[in-house]
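Engineer: got a structure for you, letters missing:
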């Protein structure tokens, strides 16, 4: 008996990283999956973004668990595309119980350096895209007479760090959005919470641009994973550099499951103690 | 394979209510239990305390799950008794991985200026200092084993916001958050995680008594459970009057399990949205 038997989950940014991990973890526990991803590069993002091949791999991995998955190439900035993909998935899988609004991007610069385009692209994906995801899902969740939405915020949604002010602002905004949704949807037994990860071991942080942010004092060849790990570790209370995608997936699973049937409006850090440090 | 298979959990206030539910839920998932309870009426508390028969029933229920349980009558106000009970339990069960500092007393409603000295002192002694003593008794065993661990402190929705006529309770439960954050920092290097849980009203003897009914329904001379329910529901965003003990146990289980291996310093509300309402 899986912890999500018979449920259907909609996941954005599902081609790789945390999104793929969420899809697999929820499928392991019995859920069918509706997946979207931009599967394309954005101009202001300083690392390679997911590809159609990545999404094909997510599909393969979910199907290997004997679960169904409806995957569509769709950008969370485009509400019509998100809605069409979700409506199609619900038509094929029969209903919607769980939403993981996971799609997000990362770029950096001080407040005085950031360009309008960097600011706008990041807000459009990391905050407006979350709203689009929720907005597309709400009618299906109401029809389902309940459900669980998990919005991916960040430890930077609670506490600022320098050089990513647009990210900090967007992720704080996600918490405001979550609290509003939780209040608006409580009468319909739809729960809304955020997960707030510290650094997660994915392509979003394991790339040359992030290495330069964390080790500007070192030549490129000395920016090794080990050296960077020591610097990431200083952010956490638990002596680890980063958590793994599965750690976020396990929190998403808990919040998605009926074990959390009365948990709503909660900011849930999975952050190795970063916020108490 | 249970989610806390092979682990040992120390639970205070385990004779009935949430504590008993935690013992059973953790035992269902493979843990052995070290249980204590004062098993006495508490001073200045307007409902009966747990009894030795209650604790014996917890033992019976855990053993029916084929798990071991070492139960001792001990009061969280008595550090020597706590230390002895934990030491005996660890000696018999071989290790200690999980602590649920659950023992607590409820509210005898009064305005702050009307709270007698001994009522304030008793409240703090059980609901705050008792939590400190439980952690203090457990920490040496957890550190010595070098296995890390998970400590879950039961605070309250009233640990994050105030309610009128409960100032000693609100103060003690806020204090638990400060204690949790301090312990999380101090114990992170040992991979011992510390989090707090913040329930809304839970359907146990602590709220299902006439004193609580009168707090919520001062308009009635002898309010009943049915009179209390709609008044209690006004605290919550979700349209329910209270949660069940199992809902808190499921949150304790998640935080206790390795699925939460990097979650520390977190205030986890299980409150039907009362904190954001």
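Structural biologist: Alright, I've got the coordinates. As the structure is a prediction and not an experimental result, all values here were calculated from the model.
Engineer: what about the longest helix along chain A and chain B, touching?
Structural biologist: Counting by DSSP state H, the longest helix found in chain A is helix A:165-185. Yes - using CB under 8 Å from any CB of the partner chain, helix A:165-185 comes into contact with chain B via A:179, A:182-183. In short, each C-beta sits where N, CA and C put it, glycine included.
Engineer: residues of that helix that come out buried?
Structural biologist: By 16 or more other CB atoms under 10 Å in any protein chain shown, the buried positions in helix A:165-185 come out as A:165-175, A:177-179, A:181-183, A:185.
Engineer: In the stretch 1-150 of chain B, what residue lies closest to chain A?
Structural biologist: Here the residue of the stretch 1-150 of chain B nearest chain A is residue B:148; by CB to the nearest CB that distance is 9.2 Å.
Engineer: Any figure for the gap between that residue and residue A:99?
Structural biologist: Residue B:148 is 33 Å from residue A:99, where distance means CB to CB, to the nearest Å.
Engineer: So between the two, which is more surrounded?
Structural biologist: residue A:99 (28 against 17; other CB atoms under 10 Å in any protein chain shown).
Engineer: so what's the more buried one bridging to?
Structural biologist: Beta-bridge pairing of residue A:99 under DSSP bridges involves residue A:10, residue A:149.
Engineer: what sits against it?
Structural biologist: A:9-11, A:133-134, A:137, A:141, A:147-150 (CB atoms under 8 Å, 6 or more residues apart in numbering or on different chains).
Engineer: Pull out the buried residues from these.
Structural biologist: Counted by 16+ other CB under 10 Å, those give A:9-11, A:133-134, A:137, A:141, A:147-150 as buried.
Engineer: ok, the residue of the stretch 1-150 of chain B closest to chain A touching residue B:188?
Structural biologist: No - with contact defined as CB atoms under 8 Å, residue B:148 does not reach residue B:188; the gap is 10.0 Å.
Engineer: so where do the helices sit in chain B?
Structural biologist: With helices called from DSSP H, chain B shows them at B:17-28, B:52-63, B:79-93, B:117-124, B:130-145, B:167-187, B:210-216, B:225-233, B:245-256.
Engineer: what packs against the second one?
Structural biologist: When contacts are defined as 3 or more CB pairs under 8 Å, 6 or more residues apart in numbering or on different chains; DSSP states H and E, helix B:52-63 sits against helix B:17-28, strand B:32-37, strand B:69-73.
Engineer: Determine which of the ones you listed approaches residue B:267 most closely.
Structural biologist: Among those, helix B:17-28 comes nearest to residue B:267, with 17.1 Å by CB to CB.
Engineer: Report whether the closest one contacts chain A.
Structural biologist: No - with CB under 8 Å from any CB as the criterion, chain A is not reached by helix B:17-28; the gap is at least 9.7 Å.
Engineer: Quick check, central residue of chain B?
Structural biologist: The centroid of chain B falls nearest to residue B:102 when counting by CA atoms, centre = their mean (1.8 Å).
Engineer: which strand in chain B runs the most residues?
Structural biologist: strand B:192-199 (DSSP state E).
Engineer: Now do it and helix B:245-256, the angle between them.
Structural biologist: Put simply, strand B:192-199 runs at 160 degrees to helix B:245-256, going by axes from the mean of the first three to the mean of the last three CA atoms, to 10 degrees.
Engineer: Strand B:192-199 pairs with which strands?
Structural biologist: strand B:149-154 (parallel), strand B:267-270 (parallel).
Engineer: So what touches the shortest one?
Structural biologist: Contacting residues not belonging to strand B:267-270 are listed as A:260, A:262-263, A:265-266, A:268, B:155, B:157, B:159-160, B:177, B:180, B:195-200, B:243, B:247-248, B:251, B:255, B:275 [CB under 8 Å, 6+ apart].
Engineer: Please list only the buried members of these.
Structural biologist: By neighbour count, with 16+ other CB under 10 Å, these hold A:260, A:262-263, A:265-266, A:268, B:155, B:157, B:159-160, B:177, B:180, B:195-200, B:243, B:247-248, B:251, B:255, B:275 as buried.
Engineer: Tell me which residue of the stretch 51-200 of chain A lies closest to chain B.
Structural biologist: For the stretch 51-200 of chain A and chain B, the shortest gap (CB to the nearest CB) falls at residue A:186, measuring 3.8 Å.
Engineer: Which residue is the nearest non-sequential neighbour of that residue?
Structural biologist: Using CB to CB, 6 or more residues apart in numbering or on different chains and skipping the chain neighbours, the partner closest in space to residue A:186 is residue B:237 (3.8 Å).
Engineer: So the one you found is in contact with residue B:273, correct?
Structural biologist: Yes - here residue B:237 lies in contact with residue B:273, judged by CB under 8 Å, at a distance of 2.8 Å.
Engineer: any common contacting residues for these two?
Structural biologist: Common neighbours of residue B:237 and residue B:273 are listed as A:182-183, A:186, A:264-265 (criterion: CB under 8 Å, 6+ apart).
Engineer: mind putting those in TSV, pLDDT included?
Structural biologist: Output for the shared contacts of residue B:237 and residue B:273, formatted as TSV (pLDDT from 0 to 100):
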residue	pLDDT
A:182	98
A:183	97
A:186	98
A:264	98
A:265	98
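Engineer: Now tabulate those in TSV and tack on distance to residue B:58.
Structural biologist: Output for the shared contacts of residue B:237 and residue B:273, formatted as TSV (distance: CB to CB, whole Å):
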residue	distance to residue B:58
A:182	35
A:183	38
A:186	34
A:264	30
A:265	32
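Engineer: could you check the distance from the closest residue to residue A:185 other than its chain neighbours over to residue A:221?
Structural biologist: Spatial nearest neighbour of residue A:185, excluding adjacent residues (CB to CB, 6+ apart): residue A:192 at 6.1 Å. Here residue A:192 is placed at a distance of 46 Å from residue A:221 (CB to CB).
Engineer: For chain A, which segments count as helices?
Structural biologist: Under DSSP H, chain A gives helices at A:17-28, A:52-63, A:79-93, A:116-123, A:129-143, A:165-185, A:208-214, A:225-233, A:245-256.
Engineer: For chain A, what lies in contact range of chain B?
Structural biologist: Residues of chain A lying near chain B (CB under 8 Å from any CB): A:179, A:182-183, A:186-187, A:189, A:191, A:198, A:236-240, A:243, A:247, A:250-251, A:253-254, A:259-266, A:268-273, A:275-277.
Engineer: Show me which of those residues are buried.
Structural biologist: Buried members of these, scored by 16+ other CB under 10 Å, are A:179, A:182-183, A:186, A:189, A:191, A:198, A:236-238, A:240, A:243, A:247, A:250-251, A:253-254, A:259-266, A:268-273, A:275-277.
Engineer: Show me which residues of the stretch 151-277 of chain B are close to chain A?
Structural biologist: Residues of the stretch 151-277 of chain B lying close to chain A (CB under 8 Å from any CB) are B:181, B:184-185, B:188-189, B:191, B:193, B:200, B:236-240, B:243, B:247, B:250-251, B:253-254, B:259-266, B:268-273, B:275-277.
Engineer: Could you find the closest non-adjacent residue to the residue in the stretch 51-200 of chain B that chain A sits nearest to?
Structural biologist: In the stretch 51-200 of chain B, the residue that lies nearest chain A is residue B:188 (3.8 Å; CB to the nearest CB). Distances taken as CB to CB, 6+ apart put residue A:237 closest to residue B:188, at 3.8 Å, once the chain neighbours are dropped.
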